[in-house]
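Novice: The sequence and its predicted three-dimensional model are supplied below.
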Amino acid sequence: MSAVEGSVALVTGANRGVGMAIVEELLSRGASRVYAGVRDPDESAPPGAQRVQLDITDRAQVAAAAALCGDVTLLVNNAGYFANSRLVVTDDDDAARREMDVNYFGTLNMTRAFAPVLGRNGGGVIVNVLSVAAVVPAAFMGGYSTSKSAAYYLSVITRAELASQGTQVTALVLGSVDTRMAAHVEGNKASPRDIARIGLDGVEAGATTVATDKMAIDSMAAHRSDPEGFERQLAKLLHVTTLRAPK
């Protein structure tokens with residue numbers, strides 16, 4: 001049985017970028033219903049999806065979404081936040097906390113709230129949309145990398161904890177994608193729709209981790225072959241990125 005065709009899905013951060021592309025791809029693959037989690041009250045859901053007001057850092061909104069969307073069989077934790085600030089030598093002491101609140105604690109809020117929903121509906125699937133910075137320590141985006149790494153470990157632990165109810169947990173590892181969040185990044189970028197297509201192919205294949213684009217694949221391979229050398233190379237990017245320097 002397909003994890004997507006006929007499914008009832010909820011996608012967080014669905015108003016643009018990868019989230020919107022995943023909604024579109026789910027609908028094209030025959031999902032019976034797609035709830036689009038949207039944080040901003042002024043933004044609408046993608047065509048064909050049902051809008052749900054949802055700030056994943058707000059536990060009351062998360063609980064309300066779980067009550068409203070009690071038929072969900074596929075949860076896509078896509079909402080994310082990049083503060084574009086350094087981690088230690090920074091002029092924004094709260095940036096890393098905001099990144100952790102969304103990327104880790106928000107994802108944890110959603111996972112806790114929807115685990116019983118998925119269990120009642122036969123087990124289902126959780127998809128966590130992460131970053132290559134989750135599996136490779138990216139010094140030039142330290143707070144984001146740390147928060148996504150926490151979400152990666154959350155994916156592994158969730159898989160273990162929910163195995164008895166038959167819940168599949170798939171982590172999508174994204175490299176460079178053509179979205180607003182990556183507007184500061186130069187070079188070739190994958191299209192959000194290609195990321196959605198490759199990611200959902202992996203979900204349907206039952207994969208635990210899916211590297212969705214060339215940058216993710218190449219970076220993970222380079223880090224495995226020479227961790228120290230690759231980390232030194234990433235550290236050098238601190239001096240050429242447009243991240244805010246301390247005043």
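Specialist: Sure, I can see it.
Novice: Show me the beta-bridge partners of the residue nearest the centre of the chain.
Specialist: By Cα atoms, centre = their mean, the chain has its centre lying nearest to Val129, at 2.2 Å. Under DSSP bridges, the beta-bridge partners of Val129 are Leu172.
Novice: Need the pLDDT of it.
Specialist: Reported pLDDT at Val129 in the predicted model: 98.
Novice: Repeat that for the one 10 residues further on.
Specialist: Confidence at Ala139, expressed as pLDDT, is 88.
Novice: Counting neighbours, what do you get for it?
Specialist: For Ala139, the tally of surrounding residues (other Cβ atoms under 10 Å) stands at 19. C-beta coordinates here come from the backbone N, C-alpha and C atoms, glycine included.
Novice: Name the nearest residue to it, sequence neighbours excluded.
Specialist: Spatial nearest neighbour of Ala139, chain neighbours left out: Ala235 (4.5 Å); criterion: Cβ to Cβ, 6 or more residues apart in numbering.
Novice: So what's the residue count around the one you found?
Specialist: 13.
Novice: Only alpha carbons, please: show the helix or strand hosting it as CSV.
Specialist: Following DSSP states H and E, one finds Ala235 within helix 227-236. The C-alpha trace of helix 227-236 is given here as CSV (Å, rounded to 0.1, in the frame of the first residue of the first chain):
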residue,chain,number,x,y,z
PRO,A,227,35.6,14.5,8.6
GLU,A,228,38.4,16.7,9.9
GLY,A,229,39.3,18.1,6.5
PHE,A,230,35.7,18.7,5.5
GLU,A,231,35.0,20.5,8.8
ARG,A,232,38.0,22.7,8.3
GLN,A,233,36.7,23.6,4.8
LEU,A,234,33.3,24.5,6.2
ALA,A,235,34.9,26.6,8.9
LYS,A,236,36.6,28.7,6.2
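Novice: just checking, what packs against it?
Specialist: The criterion is 3 or more Cβ pairs under 8 Å, 6 or more residues apart in numbering; DSSP states H and E, and the helices and strands that helix 227-236 contacts are helix 214-225.
Novice: Thank you kindly, that will do.
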